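Asker: curious how this folds, go ahead:
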Amino acid sequence: MNKTYSFSVLHCLFVFFLSLTLSSPLVAQDLENGKKVFSKTCSSCHGPEGAGDGPIAAGLPDNMKPRNLKTGEFKVVKDKESMAELIKKGGPAFGLNPLMAAQPSLSDSDITDVIEYVYSLRK
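Answerer: As a prediction, this is how the structure comes out:
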């Protein structure tokens, strides 16, 4: 093996392992931010752990109960992109519960963090 090739392989491996090391804390921070944003904007209906048991949910009729996000079963969400659209536009835009308010003031980064947090709740 020539020296240039060996250096390139070692360099790529170094960069790869460095990126793994650096990305782990960032992922944890994103989930933590997602949990914080979820707590502020979603937990009153979906509950603190996403089980659909928030304080507002108790007073709603069965046909308006918020989704248990831990099951991973959704009516209109097919992927992370459609979940982002649902968060931005709210339930009424998709024929869902009119109490699920649109969240246009959330940044794209906050929405991504919330989605990652919601996906982390799945059983």
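Asker: what about K123, how many neighbours?
Answerer: Other residues lying near K123 total 6 when counted by other CB atoms under 10 Å. Yep, even glycine has a C-beta here, placed from its N, CA and C like the rest.
Asker: I111 now?
Answerer: Applying other CB under 10 Å, we find 20 other residues in the vicinity of I111.
Asker: okay, and it sits in which element?
Answerer: I111 belongs to helix 108-121 when elements are defined using DSSP states H and E.
Asker: same check, this time on D30
Answerer: In this assignment (DSSP H and E), D30 forms part of helix 3-41.
Asker: quick check: mean pLDDT across whichever helix or strand comes after that helix?
Answerer: Once the chain leaves helix 3-41, the next helix or strand it forms, by DSSP H and E, is helix 43-46. Per-residue pLDDT values over helix 43-46 give a mean of 96.
Asker: contact partners of helix 43-46?
Answerer: When contacts are defined by CB atoms under 8 Å, 6 or more residues apart in numbering, helix 43-46 is touched by residues 38, 50, 52, 54-57, 66-67, 69, 99-100.
Asker: returning to that earlier point: which helices and strands does the helix holding I111 pack with?
Answerer: Counting by 3 or more CB pairs under 8 Å, 6 or more residues apart in numbering; DSSP states H and E, the packing neighbours recorded for helix 108-121 are helix 3-41, helix 80-89.
Asker: in terms of mean pLDDT, which of these ranks lowest?
Answerer: When the mean pLDDT of each of the helices and strands packed on helix 108-121 is compared, helix 3-41 ends up at the bottom with a mean of 63.
Asker: just to revisit the earlier point, buried residues of the helix holding I111, list them for me.
Answerer: Buried residues in helix 108-121, defined by neighbour count with 16 or more other CB atoms under 10 Å: 110-118, 121.
Asker: isn't K123 up against L69?
Answerer: No: taking contact to mean CB atoms under 8 Å, the distance of 10.3 Å between K123 and L69 leaves them out of contact.
Asker: could you pull up the residues touching T71?
Answerer: T71 makes contact with 122-123, according to CB under 8 Å, 6+ apart.
Asker: now it: how far from I56?
Answerer: Counting by CB to CB, to the nearest Å, the separation of T71 from I56 is 19 Å.
Asker: what does G34 give?
Answerer: Distance, G34 to I56, using CB to CB: 20 Å.
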